[in-house]
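Novice: this one's sequence-less:
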Ligand SMILES: Nc1ncnc2c1ncn2[C@@H]1O[C@H](COP(=O)(O)OP(=O)(O)OP(=O)(O)O)[C@@H](O)[C@H]1O
Ligand SMILES: [Mg+2]
């Protein structure tokens, strides 16, 4: 149906073809390597940081501590995975932090207040996250509200609703004690390897496949690269943007389940600032806020860099105040290096 | 209804038939009761001044705008075009005037965006997508790599991707809105060959261009739009450029000939020595004098734009010395260049020339904004408005007011805004990079006159152009580049199209257009 319409005799090697071959010169052949180079760079930095901390403290490079780094990275990491899609479209989602808190509260509502079975409560919570994303998507795509504003509004709404619904008190999962094992159950005998980390790893694979192998991922890049041109090519950009924000919302829902499970309770406060941590992970991983560029591997490395820094600085007894300073510097350096690389290429 | 009609009848009905089409924008009646007919198997040229409504008409056909009035018939059947996708399904394929590519995607991904090869509904089959693209390029005789990212391609190659994309549809009607604006002569030949192959008894092409000499080569009939109306259609073989141009502008235009050799006196204003860059330029050196127009000729990719960018500090220099009025200056970025009195007018209008979302007058005074600002930092809007209006009049920029956003202007008028911007800033040296790209014949003459006027006022002018006739007509001297080197600097009197072409291919290795 979409086969080429023009099928001239193939013997016709026109001289003009060579004209274009000549013009081809000057195209940087190595450009294709660039993408993987960036990931290599981020990965190398991660290794470097790990090595430095390992030398600095004998307590750092132990199986238990590495697992706790992964555990610490899980919730932010899951949020960052979804946000990567949004940021590659050239958008932003500020509602993921408080949205996650609201999802945790909803998990409490479903499981404790309404007494739903565990699977139903968990599924409903994740879908509720999707609903938040769907509303964001509609606001951005149909009403035309800029992503920053649309999700800023949602951020405040979610923060408020969490307090209203919970009556400002934590909700405990008394009816479903198994709930806490979603995050915490140790699944490898011998070491304390929580199920939440395994879920994180599975989600990394899912997100990576979605981004690089599916039509959804293709349109994510395409919209971020040139939204108008994508629309002119007959792609229903509005619909796909709604889909992408909804997807990010589903990740928020899952993060809500994981964080509530981790604490064995739904805490109605907090969450503000978490969205910035997730965005930082995405950006450190080389995803451009301008859209069109980015990867899941990068985001994961970014999330790990942040978690390793926080953990390592604590282990070598750097006061908490300074940890934030260090993370800030890392963000600036990472993004600056990325820009240097782009400019030179 | 026509489906069942005998084939004789079908052959008689035009492929595409527009009647009474109108389209207005706030403050502008872009199209006013236009009727137009595209016959089977023909190439119909659509010409007209900047802002005549050509692109608007084609955007109606592409389903981007909806008409205020008018009837569209395809093969005699009335159609309503609901959107870009629907237009594609109807067999209408368009190459837009402005590039519409996704720089971060590969060539193949760009071509088949929205029509991806899928393995299982949701999953992409990248390999067969690339295979399909490769087959398409083979069929078209294009040397494109499907897996290359578009941002790494030259402008000419990007244009070829656009063309390949348009041809990849099962299209019956192919619309090309100034496809050659970024192409040199050899590349235009490739394009025309492709059009020749596309053209069959059941297809038709609408071809928009400002390059008059192309029309005779490619078109069967020429339809002229003026101020949103169809002012006449001519059979190409039975008309000449003069008639078409006078239909377009509603008056006769006297294209005057080469400049009389003017004596260049005094010291050079700008001199450049041993200019090299990491990527391309090798030891480029030249001088420009007050009152002189120095033309830069060469093939696309020869490094002319790079010279300009290196001079104004937009790209880093590896070596080289730049002197203004004999004094060495250090220029690290375009702002410093502009402070030293060097203005650069980029060829990439959309990205580097204008602020699309700002008004015409804001764009015009942008470089010179300091002159419109009081000591306390307040901007004098009344004077900006006056200057804006002044240039709109002088350059005949077609816009309802100076407050109009530049993105709503036609391509040619956007270009005039860029020129106005640099005229408003009083520079000693002005570098014009493809100043007449996408500009209609009438406006071209005006811009030529402007350039000459500037030279006569004593400014030193560098003009980069891919159109040799233009270089020959305007330049006092002509510098020719090939592969990052300067191969000749000729006095106008010694230059011909032939020897310029010869110098432009000097350093080229095998495979060049000999
Ligand atoms: N979206 C828009 N909003 C407002 N005015 C517009 C819009 N698009 C086009 N116009 C106006 O409609 C008129 C016709 O524009 P159009 O782009 O069709 O001209 P054109 O013949 O293609 O010119 P060019 O040769 O410069 O490309 C112009 O006056 C232009 O300013
Ligand atoms: Mg146009």
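Specialist: On my side now, so go ahead. This structure is a prediction, so every number in the text was calculated from the model and none was measured. Ligands and ions are numbered 1, 2, ... in the order given.
Novice: Strands of the stretch 101-250 of chain A, start to end?
Specialist: Under the criterion DSSP state E, counting those that start in this stretch, the stretch 101-250 of chain A contains strands at A:171-172.
Novice: got the residue ranges for the helices in it?
Specialist: A:118-141, A:147-166, A:181-184, A:195-213, A:215-225, A:227-232, A:237-263 (DSSP state H, counting those that start in this stretch).
Novice: Show me what the first one is packed up against.
Specialist: Contacts of helix A:118-141 with other secondary structure elements, assessed using 3 or more C-beta pairs under 8 Å, 6 or more residues apart in numbering or on different chains; DSSP states H and E, are made with helix A:96-108, helix A:147-166, helix A:237-263. Yep, even glycine has a C-beta here, placed from its N, CA and C like the rest.
Novice: can you state the direction angle for the second one and helix A:237-263?
Specialist: Angle of helix A:147-166 versus helix A:237-263, following axes from the mean of the first three to the mean of the last three C-alpha atoms, to 10 degrees, is 40 degrees.
Novice: so helix A:147-166 versus helix A:118-141, what angle?
Specialist: Using the same axes, to 10 degrees, helix A:147-166 lies at 140 degrees relative to helix A:118-141.
Novice: so how far is helix A:147-166 from its chain's centroid?
Specialist: 19 Å (C-alpha atoms, centre = their mean, to the nearest Å).
Novice: Repeat that for the shortest one.
Specialist: Relative to its parent chain, helix A:96-108 has a centroid offset of 17 Å by C-alpha atoms, centre = their mean.
Novice: Mind giving me the packing neighbours of it?
Specialist: By 3+ C-beta pairs under 8 Å, 6+ apart, helix A:96-108 packs against helix A:63-88, helix A:118-141, helix A:147-166, strand A:171-172, helix A:237-263, strand A:265-266, helix A:274-284.
Novice: For ligand 1, find the nearest of the ones you listed.
Specialist: Of all these, helix A:237-263 sits nearest to ligand 1, with 18.2 Å by C-beta to the nearest ligand atom.
Novice: and the closest one, what's its mean pLDDT?
Specialist: The pLDDT scores in helix A:237-263 average 96.
Novice: Could you confirm whether it reaches chain B?
Specialist: No. For a cut-off given as C-beta under 8 Å from any C-beta of the partner chain, helix A:237-263 has no contacts with chain B; the smallest distance is 10.0 Å.
Novice: Nearest residue to the residue of chain A found nearest ligand 1 in space, please, no chain neighbours.
Specialist: In chain A, the residue found nearest to ligand 1 is residue A:228; the distance is 12.2 Å by C-beta to the nearest ligand atom. In space, and not counting its chain neighbours, residue A:228 is closest to residue B:100: 7.1 Å by C-beta to C-beta, 6 or more residues apart in numbering or on different chains.
Novice: Ligand 2 contacts on chain B?
Specialist: B:55, B:97, B:411 (C-beta under 5 Å from the ion).
Novice: Considering only these, which also neighbour ligand 1?
Specialist: B:55, B:97, B:411 (C-beta under 6 Å from any ligand atom).
Novice: got the buried residues for the helix or strand containing the first one?
Specialist: When secondary structure is defined by DSSP states H and E, residue B:55 falls within helix B:54-61. Residues of helix B:54-61 classed as buried under the neighbour-count rule (16 or more other C-beta atoms under 10 Å in any protein chain shown) are B:54, B:55, B:56, B:57, B:58, B:59, B:60, B:61.
Novice: and after the helix or strand of chain A with the lowest mean pLDDT, which helix or strand comes next?
Specialist: Of all helical and strand segments in chain A, the minimum by mean pLDDT, DSSP states H and E falls on helix A:15-23, at a mean of 35. Following helix A:15-23 in sequence order, the next helix or strand is helix A:34-56 (DSSP H and E).
Novice: Please consider this matter closed, and thank you.
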